[in-house]
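Q: coords please:
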Amino acid sequence: MKTILVFLGTLFFAGVAGAALWWSKVFSPVEVGLISAFFLLGLSQVATQIRLAKERTAKKPPQKEHEIFAGQIHELRENATVWAERIGHLEGEIERVANARNEQLIAEMQMVETLVKQLAERVIATDHRPTLSPASIEAADTLSLQPDREIKDGEAHLSLEDQAILDAELLKTIRNSLDENRVDLYLQPIVTLPQRKTRYYEALSRLRDGDGRIIMPADYLRIAEPAGFMPMIDNILLFRCVHVMRKMIERNREVGVFCNISAHTLLDSEFFPQFIDYMKHSQELAGSLIFEFGQGTISGSGPLEFESLKALADLGFTFSMDKVERLDVDFQVLADMNFCFFKVASNTFLNDVERAGSPIHAADFSELLERNGINLIIEKIEDERSIVNLLDYNVKFGQGYLFSEPRPVRGDILLEAVPEVGAA
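A: Numbering: from 1, shown residues only. Okay, the predicted model is just below:
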C-alpha cells in the first residue's frame, strides 16, 4: 500500500512539473514530455532505493539477549586468559623465590652443621686436660666469675695454681656458652657528624654463662684464642649478622652493619668455602653488610687470606679496617682490595697522629682517604670536647659511648631493639 501511494505521489508530482513547464512556453510539448518522463524515472529510482533499504532493514533481526550474553562471555574468556597468564607468571616468581629461600636455608644449615662439628672437635680436645682435684674444684668455686670482671695476668692475690684453676673454669664456661648457644649479638650505632644520625651499626659478640651473666671479650679472649674457640665465636657472629641484616633491610635498605672477621675465619679451609657459598645466596646484602678486619690481620695476611678477601670482594662485599695503630698506610692499595672504611680511635686521631706515622696533618687526613674512595670513621668517642675538635677536621662519621653503648638484639625483640636509621 505504501508503495502505491509513493508511486501515485511521484506521478502527480511529475504531472504538475510537466504542466508548469508547458505553461512556461519555454519548451515544446515533446520536450516537456521527455523531461517529465526522465524526471518521473529518476523519482521512481529514488523511491525504489528507499524501498529496498527499508526491506533490508526490516529483514535484519534485532540483536537478541543471548547474543549480548555471548559477547560478554567471549570478553570474559579473553580476560580470563590474560589473568591466567599473569597468575602463571606469578606462580613462577613465587617458585623462584621459594627455591632461592630453600637454597639459603640449605646453606645456613650447612654453616650450622660446620659450627657444631667444629665445636665438638674443640670439646673433645679440651676434655683431654688433666682432671682437677676436689680441692681445686672448691677453689675454683670460690674464684667463680664475677659480673663484668676483667681477668688480668699476674693479679697479685692469685697464685699460679689459683689462676690456672680460674682459667680452666672460664674455659669450661666458654665451651658451655657455645654449646648451649649463649652467644648474644650487640649493635653499636655509627653516626653522621655533626647531625648524629645513625647510619651504620657495628656488630659485637657477648657470651653468657649459665646464670645469665655477661662475659666480656676482655675476659674471654685471653682464654678462648689459645683454646681454638675464636673461630667458633667469629663464625656464629657472622651467621647472626647475616640474619639480622635481612631483618633490618626489610625496614630500611639504607642501613648497614659492620661485622668483624678474624684471620682464623679467613684461613679456615673447612668453614670459609661454605661461608662463601652462603654469601653467594645473600648477595642482596652486598651493599649493606660490611666485613671488618683488624689492621694486624691484614698486615699479617698471606696469599690464602688475600684470596679469601678477593672471593668476598668478587661477590660485591666491601671491607672496613679497625684496630688501627699505624696511619702510614697505602690507601690506594686498600681501595683496590675493596676497603671503603677506615677506623681510627679518637685519642689517636686527636693527639697521636704523628706518633702513629701519619704522613699528613690530622686536618687533611679525611680528605686523603676520600680521594681514594675510603670513609674515615673516628671510634671510641666519649666526650663532647672530642666532637668539637673532630668537626674542625672534617670528620663525617663517629662511633662511641657518647652516642650509645652497644645494645643487645635478641629473638622476638629483634626489630624493636634496632632503631630506625636516621634516629638520633
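
Q: for residue 288, phi and psi?
A: The phi/psi pair for residue 288 (degrees, to the nearest 10) reads phi -120, psi -30.

Q: ok, now how distant is it from residue 174?
A: Plainly put, residue 288 is 31 Å away from residue 174 if you go by C-beta to C-beta, to the nearest Å. Just so you know, the C-beta spots here come from the backbone N, C-alpha and C atoms, and that holds for glycine as well.

Q: Neighbour count for the two, which is higher?
A: The neighbour comparison of residue 288 against residue 174 (other C-beta atoms under 10 Å) goes to residue 174, with 25 against 19.

Q: thought that one was touching residue 220?
A: Yes: with contact defined as C-beta atoms under 8 Å, residue 174 counts as touching residue 220 (5.4 Å).

Q: what residues are shared contacts of the two?
A: By C-beta atoms under 8 Å, 6 or more residues apart in numbering, residue 174 and residue 220 have these common neighbours: residue 207.

Q: show me what contacts residue 262?
A: Taking C-beta under 8 Å, 6+ apart, one finds 230-231, 234, 294, 297 in contact with residue 262.

Q: How much space separates it from residue 355?
A: Separation of residue 262 from residue 355 (C-beta to C-beta): 27 Å.

Q: Would you convert the contacts of residue 262 into CSV that also reports secondary structure and neighbour count?
A: Below are the contacts of residue 262 laid out as CSV (DSSP: H, G, I helix; E, B strand; the rest coil; neighbours: other C-beta atoms under 10 Å):
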residue, secondary structure, neighbour count
230, helix, 17
231, helix, 23
234, helix, 21
294, strand, 18
297, helix, 20
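
Q: all helices for the stretch 301-424 of the chain, in order.
A: Remark: helices assigned in the stretch 301-424 of the chain by DSSP state H, counting those that start in this stretch are 303-314, 331-336, 346-351, 362-371, 384-392, 414-417.

Q: Which one, of these, ends up nearest to residue 255?
A: Nearest to residue 255 among those is helix 414-417 (11.9 Å), distances taken as C-beta to C-beta.

Q: pretty sure residue 380 is in contact with residue 400, am I right?
A: Yes: between residue 380 and residue 400 a contact is recorded at 5.2 Å, counting by C-beta under 8 Å.

Q: which residues do the two both contact?
A: With contacts defined as C-beta under 8 Å, 6+ apart, the residues shared by residue 380 and residue 400 are residue 346.

Q: So for those two, which residue has more residues nearby?
A: residue 400 (21 against 17).

Q: For that one, give me phi and psi.
A: Backbone torsions of residue 400, given as degrees, to the nearest 10, read phi 160, psi 170.

Q: could you check the distance from it over to residue 191?
A: Distance, residue 400 to residue 191, by C-beta to C-beta: 9 Å.

Q: so how far is residue 281 from residue 288?
A: Taking C-beta to C-beta, one finds residue 288 at 15 Å from residue 281.

Q: can you give me the strands for this structure?
A: With strands called from DSSP state E, the chain shows them at 183-192, 198-208, 214-215, 256-260, 289-294, 318-322, 339-345, 375-379, 397-399, 407-409.

Q: Reformat those strands as JSON lines; add distance to residue 170.
A: Rendered in JSON lines, the data for those read as follows (distance: least, C-beta to C-beta, whole Å):
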{"stretch": "strand 183-192", "distance to residue 170": "15"}
{"stretch": "strand 198-208", "distance to residue 170": "10"}
{"stretch": "strand 214-215", "distance to residue 170": "8"}
{"stretch": "strand 256-260", "distance to residue 170": "22"}
{"stretch": "strand 289-294", "distance to residue 170": "23"}
{"stretch": "strand 318-322", "distance to residue 170": "26"}
{"stretch": "strand 339-345", "distance to residue 170": "28"}
{"stretch": "strand 375-379", "distance to residue 170": "28"}
{"stretch": "strand 397-399", "distance to residue 170": "29"}
{"stretch": "strand 407-409", "distance to residue 170": "21"}
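
Q: Can you get me a residue count around residue 237?
A: So residue 237, with other C-beta under 10 Å, has 21 neighbours.

Q: need the contact list for the closest residue to it other than its chain neighbours.
A: With sequence-adjacent residues excluded and distances taken as C-beta to C-beta, 6 or more residues apart in numbering, residue 237 is closest to residue 205, at 4.6 Å. By C-beta under 8 Å, 6+ apart, the residues touching residue 205 are 183-186, 217, 233, 236-237, 240.

Q: 10 Å - rerun?
A: 183-186, 217, 220, 233-234, 236-238, 240-241, 259-260, 406 (C-beta atoms under 10 Å, 6 or more residues apart in numbering).

Q: Kindly report the same for residue 177.
A: Counted by C-beta under 10 Å, 6+ apart, residue 177 has contacts 183-184, 206-210, 215, 220, 224, 229, 233.

Q: tell me which of the residues you listed is nearest to residue 359?
A: residue 233 (36.0 Å).

Q: quick one: the closest one and residue 261, what's the gap?
A: Counting by C-beta to C-beta - residue 233 and residue 261 are separated by 11 Å.

Q: thinking again about what came up before, and which of the contacts of residue 205 is nearest residue 384?
A: For the contacts of residue 205, the nearest to residue 384 is residue 406 (20.3 Å; C-beta to C-beta).

Q: Distance check, that closest one against residue 202.
A: 8 Å.

Q: Of those two, which one has the most company?
A: residue 202 (23 against 18).

Q: Contacts only, for the residue lying closest to the more buried one once chain neighbours are set aside.
A: Leaving out its chain neighbours, the residue that sits closest to residue 202 by C-beta to C-beta, 6+ apart is residue 258, at 4.4 Å. For residue 258, the contact set (C-beta under 10 Å, 6+ apart) comprises 187-188, 190, 200-204, 241, 289-292, 319-320, 322, 341, 343, 377, 399.

Q: Residue 203 now?
A: 185-188, 237-238, 240-241, 244-245, 257-260, 289-290, 292, 406, 409.

Q: before we move on, the earlier item: separate out the buried members of the contacts of residue 258.
A: 187-188, 190, 200-204, 241, 289-292, 319-320, 322, 341, 343, 377, 399 (16 or more other C-beta atoms under 10 Å).

Q: The contacts of residue 177 into TSV, with extra columns for distance to residue 334?
A: Formatted as TSV, the contacts of residue 177 follow (distance: C-beta to C-beta, whole Å):
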residue	distance to residue 334
183	30
184	31
206	30
207	32
208	36
209	39
210	43
215	33
220	30
224	29
229	30
233	26
